[in-house]
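*Asks:* Have a look at this fold, sequence not included:
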């Protein structure tokens, strides 16, 4: 029975690419991100240090992600003064494959916060680094680059951001 279990474990690991995604933990440093923006310039997460950052992992082919964008737009507008003060930012990380679809999605959804992608779909190293198993997915990091929340949505997301910004 142990041999069968070991064989199944090995087969499963190979099917998943040989390694499991490591789950993120509150309090640990956020994995580095440096990807091209729509204009081709590289934007790194480290350039946003000193701000509360909502990292939104999404894709244009993901219906729940598209449905969530108006909520994010509302949050971005509500905390616009904190964006201007350099205390808050949303960073969109797309798992799209097509630059055209990605750009059309940004335009149609009127997304105004920074957007980055390597257009590698689920093969993006960022998806593995952040342990992403499904979309939409988000992580909030504090001004020191530490993870303070994982996968909050809707009112819970807005409330968390509001409460955190009051402490800054």
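*Replies:* Arrived safely. What you are looking at is a predicted structure, and each value in this text was computed from that prediction instead of being measured.
*Asks:* For the protein, give me the ranges with low pLDDT.
*Replies:* 1-21 (pLDDT under 70).
*Asks:* Quick one: the strands in it, in order.
*Replies:* Under the criterion DSSP state E, strands of the chain are mapped to 34-36, 42-44, 52-58, 88-94, 115-116, 137-141, 147-150.
*Asks:* Quick one: neighbours of the residue nearest to residue 94 when sequence neighbours are not counted, just the number.
*Replies:* Closest residue in space to residue 94, ignoring its immediate chain neighbours: residue 117 at 3.9 Å, by Cβ to Cβ, 6 or more residues apart in numbering. No exception for glycine: its C-beta is placed from N, CA and C like everyone else's. Close neighbours of residue 117, defined as other Cβ atoms under 10 Å, add up to 22.
*Asks:* Now do the contacts for the closest residue to residue 138 other than its chain neighbours.
*Replies:* Computed as Cβ to Cβ, 6+ apart, the closest residue to residue 138 that is not its neighbour in sequence is residue 56, at 5.0 Å. Applying Cβ atoms under 8 Å, 6 or more residues apart in numbering, we find residue 56 in contact with 68, 72, 90, 91, 92, 93, 136, 138.
*Asks:* can you give me the helices for the protein?
*Replies:* Along the chain, the segments classed as helices by DSSP state H run 2-15, 63-78, 80-84, 99-109, 125-129, 154-167.
*Asks:* deepest of these, which one?
*Replies:* Ranked by mean neighbour count, the helices of the chain are led by helix 125-129 with a mean of 17 (mean count of other Cβ atoms under 10 Å).
*Asks:* Work out the gap between that helix and the centre of the chain.
*Replies:* Between the centre of helix 125-129 and the centre of its chain there are 10 Å (Cα atoms, centre = their mean, to the nearest Å).
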